[in-house]
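>>> give me coordinates for this.
(2 chains)
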Amino acid sequence: MSELLSVKGLKAEIEEKEILRGVDLEVGDGEVHVIMGPNGAGKSTLGSVIIGDPRFEVTGGSVFFDGEDITGESPDKISKKGVFLSFQNPIEIPGITLGNFIKTALEMKTGERIKLWDFKKKLKETMEVLQMDPAYAERDLNVGFSGGEKKKAEILQLLMLRPKLAILDETDSGLDVDAVHIVSKGIEEYKKQVGGALMIITHSTKILESLKVDKTHVLVDGEIAVTGDASLIEKINNEGFEQFIRKED
Amino acid sequence: MKEKTHVDDIDRSIYDFRFEDKDAYKVSEGLTEDIVLKISEEKNDPEWMRDFRLKSLKLYNEIQVPDWGPSIDGLDMDNIVTYVRPNTERMHTDWEDVPDDIKDTFERLGIPQAERKSLAGVGAQYDSELVYHNVKDEVAKSGVVYTDIESALRGEYADMIKEKFMKIVPPTDHKFAALHGAVWSGGSFVYVPKGVHLDIPLQSYFRLNAKGAGQFEHTLIIVDEGAYLHFIEGCSAPKYNVANLHAGCVELYVGKNATLRYSTIENWSKNMYNLNTKRAVVEEGGKIEWVSGSFGSHVSYLYPMSVLNGKGARSEFTGVTFAGEGQDLDTGTKVVHNAENTSSYVNTRSISKSGGINTFRSSVVIGPNAHGSKSAVSCESLMVDNESRSDTIPSMDVRCADADVGHEAKIGRISDETVFYLMSRGLSEADARALIVRGFADNVSKELPLEYAVEMNNLISLEMKGSIG
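Predicted coordinates:
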């Protein structure tokens, strides 16, 4: 069976600084992968490059999604194929309400007009799962949202857009215990409703507690240093990344 | 792979049709005493008005062109035809009587449909003369007068016109006010009597069809004590490769505790010099609300001004300006606080793209008597690309210690990060940019009358194409 996401020898740089130095990674349908690693290892860059962030230049290797080469494609095309990135720092956009934005994105994805009534009902239900005040749907996208509300708004988009692969870039960072719990519930809901694959970039394990992790990758200095199963997470929690860092001499 | 973004101009095809003006009467090009006298005769002016025109012409010849705004070198008065009478005998009150080509023009612009749907009265000016004017019966019965200035000059309100005509904007004000005084033609006179609250708007539409011509309509509105009026004006013209000139004049008298909302959607073609002067005087407890959308013209000088003369008088200015390729739009507003507890609020957005230039000027004067007055100015500019330009020039003159004055200006570009965020959700680059621009103008566009807000959103749905380069 072919993999959903297949990253081969991926190299990428920003402003002539190489960040990814040959990443190899395979994610199957519905699998849950965790990406860990020290700060500055290139974890966020990996997510950004997969979705086609134009700030990065791919200098080698390839990304295949659902059997198609998406290396260097534009983000809208990659998104339409079914990849979703939950941003670490979601952008504030005045003048566009959260609700209207999600509706627009859904219409772009399906190419069809969506019935307002059905959409509002679905949006309201989904916001309830995330314990979001429905008034947020009428507020400008992320404008004046707290850190927790912004992350919930990302998960709300994930649940509404139903991608085949969700990349979560430190969705749990900067959240209090309750917010982490709600976001985890949202991710569980995504697994349950959509059955999609997950690539979770994280420093903490709280968000993973209710998920069955298939693989854990440790990214160090732009390369996957080691890949293991769920037990690797505990090992790292106890011993840190030190063991995987190449000593330069 | 890098993408270059190309932003197309606003689609003007709905405005850019035109008809031959072969049957119309015109004066010769340029500006001489003979021409002014001919216009005066043609319009059957009362004597005082003829003298007023001649005095204005003299002033016009003495006053220099402004030396501080966009260049108007392309405007040669010797080539401008100041008076073009459309091919119709008189003003009509029955739409069916309007000549076919003119009727067709306004029908394409949606004017009669709008009247049937949502307006209390409509005026339509074609080149130099009003061709149609009508108010609903129930509105006329409440004592509201809505007519062309020429009729008003000879009718029941003749004395009122004589007393107020070009008193707020005197011909001495600037060169183009003087020009207006000399060659003005057409426009509207509105009188709303004491306590009359007009729930639905009146609308005038100005269409300049003739090539190389000028339009100099005069709008005089008096909203008496405690009354309410919403007046909408729309302007458009087909594009020619020679300069056209619009130097209209708007004088608004807002009485005690009265409110006037004055909405303008200007979409002149890009050969137009739009040198328009608008001013309101507001009495005690009264309020002027300006809503201004400027999308067209090659060069604009436009700064609606509010003079707050009575205690507690208020002014609100909401504006959006869109400057595309070849456009140099100098817009803004002026407020003079002349009495206690007056307040002014200014909220504008300007968008420039494809080398378009936006300059926003605001001038707030708080006089020595204006104790306890407040003013807040907020202007935001967005440049869609790197070739475009946006400047903000605020001026504040506060002569009273207990006034509260605020100014906030923001100038920005569309950030790549924002475009990327939207694209990562499946929006094309063009859709992402259009969404950002619409969102930017949203605060202002929702103040526009609904059909214009829709039109503006269509205007902003820029045809943005991504091309690989």
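
>>> nearest spatial neighbour of the one residue in the stretch 301-450 of chain B that gets nearest to chain A, chain-adjacent residues omitted?
Closest residue of the stretch 301-450 of chain B to chain A, C-beta to the nearest C-beta: B:Gly439 (2.6 Å). In short, each C-beta sits where N, CA and C put it, glycine included. Using C-beta to C-beta, 6 or more residues apart in numbering or on different chains and skipping residues adjacent in sequence, the residue nearest B:Gly439 is A:Gly95, 2.6 Å away.

>>> just to revisit the earlier point, surely the residue of the stretch 301-450 of chain B closest to chain A meets A:Ile91?
No: the pair formed by B:Gly439 and A:Ile91 falls short of the contact definition of C-beta atoms under 8 Å, at 11.8 Å.

>>> more crowded one of these two?
Shown here are B:Gly439 and A:Ile91; by other C-beta atoms under 10 Å in any protein chain shown, B:Gly439 has more neighbours (23 against 16).

>>> before we move on, back to that, give me the element the residue nearest to B:Gly439 is part of.
Here A:Gly95 is covered by strand A:93-97, with elements defined by DSSP states H and E.

>>> who are the packing partners of the helix or strand that A:Val63 is a member of?
For A:Val63, the element it lies in under DSSP H and E is strand A:57-65. Packed against strand A:57-65, as judged by 3 or more C-beta pairs under 8 Å, 6 or more residues apart in numbering or on different chains; DSSP states H and E, are the following elements: strand A:5-14, strand A:17-27, helix A:43-51.

>>> is it correct that B:His337 is in contact with B:Pro368?
No: assessed by C-beta under 8 Å, B:His337 is found out of contact with B:Pro368, at 10.2 Å.

>>> mutual contacts of those two, please.
When C-beta atoms under 8 Å, 6 or more residues apart in numbering or on different chains defines a contact, no residue borders B:His337 and B:Pro368 alike.

>>> neighbour count for those two, which is higher?
The neighbour count for B:His337 versus B:Pro368, taken as other C-beta under 10 Å, is higher for B:His337 (31 against 10).

>>> so for the closest residue to that one other than its chain neighbours, what's the pLDDT?
Taking C-beta to C-beta, 6+ apart, and ignoring the residues beside it in sequence, B:His337 has B:Ala370 as its nearest neighbour in space, at 4.0 Å. Predicted confidence (pLDDT) at B:Ala370: the value is 97.

>>> now do the contacts for B:Ala370.
Contacts for B:Ala370 were tallied using C-beta under 8 Å, 6+ apart; they are B:Leu308, B:His337, B:Asn338, B:Ala339, B:Glu340, B:Thr342, B:Cys400, B:Ala403.

>>> how about a cut-off of 6 Å?
In this structure, B:Ala370 makes contact with B:His337, B:Thr342, B:Cys400, judged by C-beta atoms under 6 Å, 6 or more residues apart in numbering or on different chains.

>>> neighbours of B:Leu227, just the number please.
Just to correct that, residue B:227 is Ala rather than Leu. If you count neighbours by other C-beta under 10 Å, B:Ala227 ends up with 26.

>>> dihedrals phi and psi, the residue most central in space within chain B?
Central residue check for chain B by C-alpha atoms, centre = their mean: the C-alpha nearest the mean position is that of B:Thr264, 5.0 Å away. As for B:Thr264, its main-chain torsions (degrees, to the nearest 10) stand at phi -130, psi 130.

>>> any idea what it is bridged to?
Here B:Thr264 sits in beta bridges with B:Glu233, B:Ser292, as judged by DSSP bridges.

>>> distance of it from B:Gly234?
Computed as C-beta to C-beta, to the nearest Å, the B:Thr264 to B:Gly234 distance reads 8 Å.

>>> same question for A:Ile93.
Taking C-beta to C-beta as the measure, A:Ile93 and B:Gly234 are separated by 31 Å.

>>> neighbour count: those two, which is higher?
Higher neighbour count among A:Ile93 and B:Gly234: B:Gly234, with 24 against 21, using other C-beta under 10 Å.

>>> contacts only, for the more buried one.
By C-beta under 6 Å, 6+ apart, the contact set of B:Gly234 is B:Tyr205, B:Ile265.

>>> pLDDT score for it?
B:Gly234 is assigned 83 on the pLDDT scale.

>>> get me the contact residues on chain A for chain B.
On the criterion C-beta under 6 Å from any C-beta of the partner chain, chain B has as its neighbours in chain A the residues A:51, A:53, A:72, A:75-76, A:79-80, A:85, A:91, A:93-96, A:105, A:108-109.

>>> which SS class is B:Asn44?
For B:Asn44, the assignment made with DSSP: H, G, I helix; E, B strand; the rest coil gives coil.

>>> tell me, how many residues neighbour it?
When neighbours are defined as other C-beta under 10 Å, B:Asn44 has 11 of them.

>>> what residues are up against whichever residue of chain A sits closest to chain B?
Using C-beta to the nearest C-beta, the closest approach of chain A to chain B is made by A:Gly95 at 2.6 Å. Contacts here follow C-beta under 6 Å, 6+ apart; on that basis A:Gly95 touches B:Gly439, B:Phe440, B:Asp442.

>>> export the longest helix seen in chain A as PDB, just CAs?
Among the segments of chain A that qualify as a helix by DSSP state H, the longest is helix A:177-193. Presented in PDB, the C-alpha positions along helix A:177-193 are these (Å, rounded to 0.1, in the frame of the first residue of the first chain):
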ATOM      1  CA  VAL A 177      -4.200  22.700  31.400                       C
ATOM      2  CA  ASP A 178      -7.900  23.100  30.600                       C
ATOM      3  CA  ALA A 179      -7.200  24.500  27.100                       C
ATOM      4  CA  VAL A 180      -4.800  21.600  26.300                       C
ATOM      5  CA  HIS A 181      -7.600  19.200  27.400                       C
ATOM      6  CA  ILE A 182     -10.200  20.800  25.100                       C
ATOM      7  CA  VAL A 183      -7.700  20.900  22.100                       C
ATOM      8  CA  SER A 184      -7.000  17.200  22.700                       C
ATOM      9  CA  LYS A 185     -10.700  16.500  22.700                       C
ATOM     10  CA  GLY A 186     -10.900  18.300  19.300                       C
ATOM     11  CA  ILE A 187      -8.100  16.200  17.900                       C
ATOM     12  CA  GLU A 188      -9.700  13.000  19.200                       C
ATOM     13  CA  GLU A 189     -12.900  14.200  17.500                       C
ATOM     14  CA  TYR A 190     -11.000  14.600  14.200                       C
ATOM     15  CA  LYS A 191      -9.700  11.000  14.500                       C
ATOM     16  CA  LYS A 192     -13.200   9.800  15.200                       C
ATOM     17  CA  GLN A 193     -15.100  11.800  12.600                       C
END
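
>>> tell me how many other residues surround residue 132.
Assuming you mean chain A. 21.

>>> please go with chain B instead
The local packing count at B:Tyr132 equals 25, with neighbours defined by other C-beta under 10 Å.

>>> is it in a helix, a strand, or coil?
Assigned by three-state DSSP, the conformation of B:Tyr132 is strand.

>>> what about the chain, any weak spots by pLDDT?
Just going to use chain A. Chain A contains residues with pLDDT under 70 at A:1-2, A:246-249.

>>> try chain B instead
Applying pLDDT under 70 to chain B picks out residues B:1-24, B:89-90, B:114-118, B:451, B:455-456, B:458-469.
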